[in-house]
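The amino acid sequence is not available; the structure is as follows:
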């Protein structure tokens, strides 16, 4: 069953008891989306790197909760997904805030470089 898969695959929030689940999710987000911020010279800046890593940490936790909810039966899935909706709403707000902060920071660094 799905719940057995969950307990075998994700023991202690680690995949097969070895690799932290959030670390795997962060790496997959990076390889899937190839955002410019990961490959630009700005990623060497500690402030940009901190912004990106903090955002990905929150994103990874939300994805982890979603994937864990999918490992339950239909009734429990509905309850878990209902409880996840406020987290997804917060993630949306954080993504807008992240985008604005990153844009403002990069705009300021571009204008100060010129």
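Great, that's in hand. Bear in mind that the values here come from a model prediction, so they are computed numbers and not experimental data.

The closest residue to residue 80 other than its chain neighbours: how many residues sit nearby?
Closest residue in space to residue 80, ignoring its immediate chain neighbours: residue 69 at 3.6 Å, by CB to CB, 6 or more residues apart in numbering. C-beta here means a position set from N, CA and C on the backbone, and glycine is covered the same way. The local packing of residue 69 (other CB atoms under 10 Å) involves 18 other residues.

My read is that residue 69 contacts residue 84, right?
Yes. With contact defined as CB atoms under 8 Å, residue 69 reaches residue 84; the gap is 6.2 Å.

In the chain, what residue spans correspond to helices?
2-9, 21-33, 36-39, 46-69, 74-113 (DSSP state H).

Mind listing what's buried along stretch 14-23?
Within stretch 14-23, the residues scored as buried using 16 or more other CB atoms under 10 Å are 21, 22.

Also stretch 51-59?
Residues 51, 52, 55, 56, 58, 59 are the ones in stretch 51-59 that count as buried (16+ other CB under 10 Å).

do stretch 83-99 as well
84, 91, 98.

Then stretch 74-81?
residue 80.

How about residues contacting it?
Stretch 74-81 is contacted from outside by 65, 66, 68, 69, 70, 72, using CB atoms under 8 Å, 6 or more residues apart in numbering.

Likewise for stretch 20-27?
The contact list for stretch 20-27, computed with CB under 8 Å, 6+ apart, reads 10, 13, 14, 15, 56, 57, 59, 60, 61, 63, 64.
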